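Enquirer: okay, structure incoming, though there's no sequence with it:
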């Protein structure tokens, strides 16, 4: 029983470090500025459900997906890093990407898929962490990993859902500042992912 508890805590710690709901909430707020509370809730739901399904799929058949398409971990990290850097760069410029927004100020639901679900929530770090956790494990440990990730998704959805209260408490000006800071952090995370991918690709230390 103690081994199961230790494993559960280890998995939870790993997921929390990668997809910290508290740290991701300002990013969510920055991306959905100008949307209605209903739109924000819908985007939060779609993003978290999509992220769960993506990671669930990689936990179950991730190795086969990588093998079928000839995907390597370094390439995955580099691509994910570039995507995250681009999102952070746009946030720093306070630009609303045409991919996420349409004319008239409406929020395009596609931002729930990208960049929120992937690569922010279900990014290379999250997917690789999940795949490492279940590598060589029995069905019980795989089920625990899925359950722990489900808890993280619920925590993330809850944090996103109360983002309106965060805005009211902090204020729009501070949210703009936080969004720019999160944009900078995202850009740095993206660069770090690219560097890690290059190191893995060329066996550098």
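Expert: That came in fine, so what should we check first? Since the model is a prediction, treat every value here as computed from it, not as a measurement. Numbers count the residues shown, from 1 in each chain.
Enquirer: need the contact list for residue 24.
Expert: Residue 24 sits next to 120, 121, 156, 159, 160 when contact means C-beta atoms under 8 Å, 6 or more residues apart in numbering. All C-beta atoms are positioned from the backbone trio N, CA, C, and that covers glycine.
Enquirer: biggest separation within the residues you listed, which pair?
Expert: Comparing every pair within these by C-beta to C-beta identifies 120 and 159 as the most remote, at 12.8 Å.
Enquirer: those two: which has the busier surroundings?
Expert: residue 120 (25 against 20; other C-beta atoms under 10 Å).
Enquirer: show the average pLDDT along stretch 90-110.
Expert: In this model, stretch 90-110 has an average pLDDT of 54.
Enquirer: how long is it from one end to the other?
Expert: End-to-end span of stretch 90-110 (C-alpha to C-alpha, to the nearest Å): 16 Å.
Enquirer: right, and residue 159 touches residue 21 too?
Expert: Yes. Between residue 159 and residue 21 a contact is recorded at 4.1 Å, counting by C-beta atoms under 8 Å.
Enquirer: quick revisit: out of the contacts of residue 24, the closest to residue 57 would be?
Expert: Nearest to residue 57 among these, with distances taken as C-beta to C-beta, is residue 121, at 13.9 Å.
Enquirer: how about that closest one: what's its closest non-neighbour residue?
Expert: Nearest in space to residue 121, with sequence neighbours left out and distances taken as C-beta to C-beta, 6 or more residues apart in numbering, is residue 51 at 3.7 Å.
Enquirer: now for the helix or strand of the chain with the lowest mean pLDDT, which elements pack on it?
Expert: When the helices and strands of the chain are compared on mean pLDDT, DSSP states H and E, helix 163-170 comes out lowest with a mean of 74. Packing partners of helix 163-170 (3 or more C-beta pairs under 8 Å, 6 or more residues apart in numbering; DSSP states H and E): helix 21-31, helix 37-69, helix 172-201.
Enquirer: if anything else comes up later, I'll come back, but that's it for now.
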